[in-house]
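In: coordinates only, sequence not included:
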């Protein structure tokens, strides 16, 4: 295997993809440079395997693995994911055992169904259908009070379920982070230098565990607090939003790393 100088891990919504349009067009110049250099670009998202597989093919990144469902699973290069996993059914059963007053305030994808997900997330019907084909986790909307949310999360924790807030949803799973899967994916390429880009709380571990992390500005959410590594310049922040910020920062990093 030819040693690669670095590999890239990127969040999707609000990072590589525009928060509202889901377009990645603004990032194409940097993506093209990475492709010319044969740099693996690993998509890391709360999206399901079926969702990510389609986008990965569209981007021409099928030779790279992908981190799915917030780090709960890793999709191998060129792999075709299953439509539904047993872990999701177990998660839904335990979720339904939570006290009714708390359960009613959480509306997961399994409660919305494809039509509800399409309306809530602004997805087309086919994309919403794939978003509901889950194997590891359950995203949803909390409509109760902050105190109720804390009680809900504590009740889930007692059942072995972890809750993480991303850019849009509160996502439930049995654990695993993007950083955990990042290490596994890097081993497939000889563990080169790692660059990670993200915008939300569920990206923090990935950003902090990378050799270089980039926080992409998101006009639709509260900025991440200062992270470990920012003071010494190991974690950077973009000035532009979404895919424009992604392109801005990757262009600079490609030139810098290629010169080393």
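Out: Arrived safely, thanks for sending. This is a predicted model, so every value here is computed, not measured. Numbering: from 1, shown residues only.
In: Would you map out the domains in the protein?
Out: Per automatic domain parsing, the structural domains of the chain span 6-80+177-258, 86-173.
In: Buried deepest among those domains, which one?
Out: domain 6-80+177-258 (a mean of 20; mean count of other CB atoms under 10 Å). No exception for glycine: its C-beta is placed from N, CA and C like everyone else's.
In: quick one: terminal-to-terminal distance for it?
Out: Using CA to CA, to the nearest Å, the end-to-end distance of domain 6-80+177-258 comes out at 10 Å.
In: Let's test this: mean pLDDT of that domain, rounded?
Out: The pLDDT scores in domain 6-80+177-258 average 94.
In: Going along the chain, name the helices of this protein.
Out: 28-36, 49-58, 86-96, 100-103, 109-121, 125-131, 146-157, 178-187, 204-209, 242-258 (DSSP state H).
In: Turn those helices into TSV, including distance to residue 14.
Out: Shown next, in TSV, are those (distance: least, CB to CB, whole Å):
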stretch	distance to residue 14
helix 28-36	17
helix 49-58	15
helix 86-96	24
helix 100-103	28
helix 109-121	13
helix 125-131	16
helix 146-157	21
helix 178-187	14
helix 204-209	14
helix 242-258	6
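In: Tell me which of these sits nearest to residue 19.
Out: helix 242-258 (6.0 Å; CB to CB).
In: Can you give me every residue that contacts the nearest residue to residue 254 once chain neighbours are set aside?
Out: Spatial nearest neighbour of residue 254, chain neighbours left out: residue 33 (5.4 Å); criterion: CB to CB, 6 or more residues apart in numbering. Each residue near residue 33 by CB atoms under 8 Å, 6 or more residues apart in numbering is listed here: 250, 251, 254.
In: Spatially central residue for the protein, please.
Out: Centroid-nearest residue in the chain: residue 45, 2.0 Å away (criterion: CA atoms, centre = their mean).
In: Would you list the phi and psi of it?
Out: When quoted as degrees, to the nearest 10, the phi and psi of residue 45 stand at phi -150, psi 170.
In: Likewise for residue 176?
Out: phi 100, psi 130.
In: neighbours around it, how many?
Out: By other CB atoms under 10 Å, the residues close to residue 176 number 18.
In: how near is it to residue 67?
Out: 9 Å (CB to CB, to the nearest Å).
In: okay, and the common contacts of those two?
Out: In contact with both residue 176 and residue 67: residue 73, using CB under 8 Å, 6+ apart.
In: thinking residue 229 is in contact with residue 235, fair?
Out: Yes. With contact defined as CB atoms under 8 Å, residue 229 reaches residue 235; the gap is 4.1 Å.
In: Provide the partner residues of residue 172 in its beta bridges.
Out: Note on residue 172: beta-bridge partners by DSSP bridges are residue 138, residue 163.
In: about what we covered before: overlap of the contact sets of residue 229 and residue 235?
Out: Shared contacts of residue 229 and residue 235, counting by CB under 8 Å, 6+ apart, come down to 207, 208, 213.
In: can you tell which of the helices of the chain is closest to residue 163?
Out: Nearest of these (CB to CB): helix 146-157, 4.5 Å.
In: Check what pLDDT residue 120 gets.
Out: Per-residue pLDDT puts residue 120 at 93.
In: can you pull the contacts of it?
Out: So residue 120 contacts 112, 141 (CB under 8 Å, 6+ apart).
In: Relative to residue 102, how far out is residue 16?
Out: In terms of CB to CB, residue 16 sits 34 Å off from residue 102.
In: Repeat that for residue 111.
Out: Distance from residue 111 to residue 102, by CB to CB: 14 Å.
In: Please apply the same query to residue 43.
Out: On the measure of CB to CB, residue 43 and residue 102 end up 33 Å apart.
In: ok, now residue 170?
Out: Counting by CB to CB, the gap from residue 170 to residue 102 is 12 Å.
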